[in-house]
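**Student:** Sequence and predicted model, in that order:
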Amino acid sequence: LRSARPAGMRLAGALVMGRIMDYLRQKADRALIRACCSATELGFYDRAYRILAAPLQQVQGPLMAVALPTLSRKRGTDGYADYFLAFVRAITAVTFPLAALGLVFPDEIVHVMLGDSWGGSAPILRGLSLMSISWPLMNLCAVNFVVFECTQHLIVWPAVACAMAVVAFVIGLPWGAAGV
């Protein structure tokens, strides 16, 4: 029965399941903070997350929109690895310096972008900056799975990432929003 389904349907189903897992991972941190910490800590976390996510999304969105069709056309050719590495270099050239700024200058960034009353966001921004290094690289791996129609990986990869993230969030809860 499984082989009777068209490959496109399997790929679409895997993409939907992967997106659901990714959505759950993205919402789990705030849900746990909301349940176990104060509203103030949730506010600090939310602002730190937004400070970091906004520039990453501005870079990552257009780059991923170009990566998928380009890599799909190069699939099975000798140049595929070169193009994939070019995308890795491009995304790291932008995201790593942003992460470094968040690691080194979180107090200054929060002060300039949010003002003095949001100082509690700075330690959270520092932690999120460290984690942000992996986000775009994980997305490039997902692009690779789509290009090669690795439907099983498109489901398993986000499910494992979601489970690992939730476990990490729970482990960090005793330290409040900064621990998450």
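**Tutor:** Received, thanks. Computed from a prediction, not measured in an experiment: that's the story for all the values here.

**Student:** what residue is smack in the middle of the protein?
**Tutor:** residue 135 (3.4 Å; Cα atoms, centre = their mean).

**Student:** What separation do you get for residue 28 and residue 46?
**Tutor:** Relative to residue 46, residue 28 is positioned 14 Å away (criterion: Cβ to Cβ, to the nearest Å). Bear in mind the C-beta positions are built from the backbone N, C-alpha and C, glycine included.

**Student:** What strand or helix carries residue 126?
**Tutor:** Under the criterion of DSSP states H and E, residue 126 resides in helix 121-132.

**Student:** whoops, residue 54 was the one
**Tutor:** helix 39-74.

**Student:** Show me what the helix or strand following the helix holding residue 126 is packed up against.
**Tutor:** Remark: after helix 121-132, the chain's next helix or strand is helix 134-147, criterion DSSP H and E. Using 3 or more Cβ pairs under 8 Å, 6 or more residues apart in numbering; DSSP states H and E as the contact definition, the elements that helix 134-147 packs against are helix 7-36, helix 39-74, helix 80-104, helix 151-172.
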